[in-house]
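[1] one predicted model, sequence on top.
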Amino acid sequence: MFSAGEHVVYGTHGVCEISEVTTMSFCSDSRKYYVLFPIGDAKSKIFVPVDNEQLTSQMKKVLTKEEIDRLLDAVEPGALDWIESDSARKEYCSATIKGGDRLALINMIEMLYLHREEMIGQKKHFHVTDERFLREAEKLLHDEFSFVLGIPNADVVEYIGERIKKSS
């Protein structure tokens, strides 16, 4: 169980602060809820029922700096080959983003980034869907890394690149 004041990554919302765990009643049904505020989006408020395993399983503890560094040390460049089938790639990217596995996100970002560069080199268009998946995955990963490392979001790519170079 999580506590008020903790930070979690919640689904595709990214890093959130648990402001409180409170009991609320709707239509004579009383349940406990986590009240989440996404970092960087002061207007949003998310209510997650404590007893809903499907929703609470989307709440993951924010990584520590040491866990980020170990994760980046484990990255193997080129670990994921381009998925030719549009439907299979869409399914894979969607599942990876929803799953929240950070190593899988890094591998997916690299796969999409390398293919985009290849398309640019061939003066071809990168699929809009692939671009959307790339931006969404980068936002999730970069927001968490920026939050944990205390660096601007714009510096996360450089941090990742330097760390991966050190471990190679």
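    That came through fine.
[2] give me the helices and strands touching the lengthiest strand in the chain, please.
    Across the chain, the strand with the greatest residue count (assigned by DSSP state E) is strand 14-26. In terms of contacts (3 or more Cβ pairs under 8 Å, 6 or more residues apart in numbering; DSSP states H and E), strand 14-26 is packed against strand 7-10, strand 29-38, helix 128-149. No exception for glycine: its C-beta is placed from N, CA and C like everyone else's.
[3] what's next to it, contact-wise?
    Strand 14-26 is contacted from outside by 1-10, 30-40, 46-47, 50, 62, 139-140, 143-144, 147, using Cβ atoms under 8 Å, 6 or more residues apart in numbering.
[4] what about that strand, distance to the chain center?
    20 Å (Cα atoms, centre = their mean, to the nearest Å).
[5] could I have the CA atoms of that strand written out in CSV?
    Only the C-alpha atoms of strand 14-26 are listed here, as CSV (Å, rounded to 0.1, in the frame of the first residue of the first chain):
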residue,chain,number,x,y,z
GLY,A,14,3.6,9.8,-15.5
VAL,A,15,5.0,10.9,-12.1
CYS,A,16,2.2,11.7,-9.6
GLU,A,17,2.2,12.7,-6.0
ILE,A,18,-0.2,10.9,-3.7
SER,A,19,-1.8,13.8,-1.9
GLU,A,20,-3.9,11.6,0.4
VAL,A,21,-5.6,8.3,0.9
THR,A,22,-9.2,9.0,1.7
THR,A,23,-12.6,7.4,2.0
MET,A,24,-15.2,8.7,-0.3
SER,A,25,-18.9,7.8,-0.7
PHE,A,26,-20.7,7.6,-4.1
